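Peer 1: need a 3D model of the following:
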Amino acid sequence: MEPDNIIEAFIQVVREQDYVFSNDAIADLPTLQKNLAAIENLTSEAIAEVIRQWYKNHKSVIDAMLVEEREISKVAKTKPQSQENTLENRYRVLQEEVQKLQERKKERREMSKNRVSRSSFPASGFSFLASGFLRLLVPSLRLGTHCLGLLPQC
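Peer 2: Residues are numbered from 1 along each chain as shown. This next block holds a predicted model:
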């Protein structure tokens with residue numbers, strides 16, 4: 001892959017396919033950010049190499065990168081490189097998109113945790129209420145010394 005295509009493909013994957021980033025990949029993003037910040041000579045080749053070294057440890061990201069790079073290669077650029085695609089802007093966009101990805105994933109994890117904690121309470125409350133309701137309405141569920149197994153104490 002050409003360095004410019006790697007950078008562009010990675011930005012697109014981060015923006016549009018955040019689902020390919022596993023929890024391990026998200027946890028490893030600070031390493032990518034640190035390595036990008038450590039680049040002394042800001043070139044497309046240097047940025048692409050840091051990205052390549054990072055994503056080679058994350059299979060789902062590799063797969064998405066290959067597909068995205070193929071799509072980028074198919075589309076011929078009709079305009080000369082615009083201001084948006086200057087190296088400094090692409091570097092800034094890359095850093096911003098990685099940061100946004102981390103924030104989105106963190107928010108989704110927190111929302112999932114909140115949903116789980118809220119949904120578990122009503123279910124346990126309902127079963128408690130239902131068992132008390134059964135005891136009140138149907139005291140005859142116990143026949144002599146035998147229990148039919150319909151009440152919690154059976």
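
Peer 1: list the buried residues for the helix or strand containing Q53?
Peer 2: Using DSSP states H and E, Q53 sits within helix 44-55. Neighbour counts over helix 44-55 (16 or more other C-beta atoms under 10 Å) mark 44, 46-48, 50-51, 54-55 as buried. Where C-beta positions appear, they are placed from N, C-alpha and C, glycine not excepted.

Peer 1: now those residues as JSON lines including distance to I6 and pLDDT?
Peer 2: As requested, the buried residues of helix 44-55 are exported to JSON lines (distance: C-beta to C-beta, whole Å; pLDDT from 0 to 100):
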{"residue": "S44", "distance to I6": "8", "pLDDT": "89"}
{"residue": "A46", "distance to I6": "11", "pLDDT": "92"}
{"residue": "I47", "distance to I6": "8", "pLDDT": "93"}
{"residue": "A48", "distance to I6": "4", "pLDDT": "93"}
{"residue": "V50", "distance to I6": "10", "pLDDT": "95"}
{"residue": "I51", "distance to I6": "6", "pLDDT": "94"}
{"residue": "W54", "distance to I6": "11", "pLDDT": "94"}
{"residue": "Y55", "distance to I6": "9", "pLDDT": "92"}
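
Peer 1: I'd like those as a markdown table, with distance to F21 appended.
Peer 2: Listed next are the buried residues of helix 44-55 as a markdown table, based on distance: C-beta to C-beta, whole Å:
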| residue | distance to F21 |
| --- | --- |
| S44 | 23 |
| A46 | 23 |
| I47 | 19 |
| A48 | 19 |
| V50 | 17 |
| I51 | 13 |
| W54 | 11 |
| Y55 | 10 |
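
Peer 1: nearest to V20 among the residues you listed?
Peer 2: Y55 (10.0 Å; C-beta to C-beta).

Peer 1: ok, now how distant is A64 from D18?
Peer 2: Distance, A64 to D18, by C-beta to C-beta, to the nearest Å: 10 Å.

Peer 1: also I11?
Peer 2: In terms of C-beta to C-beta, I11 sits 12 Å off from D18.

Peer 1: so in the protein, where's the weakest helix or strand by average pLDDT?
Peer 2: Ranked by mean pLDDT, DSSP states H and E, the helix or strand of the chain with the weakest confidence is strand 142-143, at a mean of 48.
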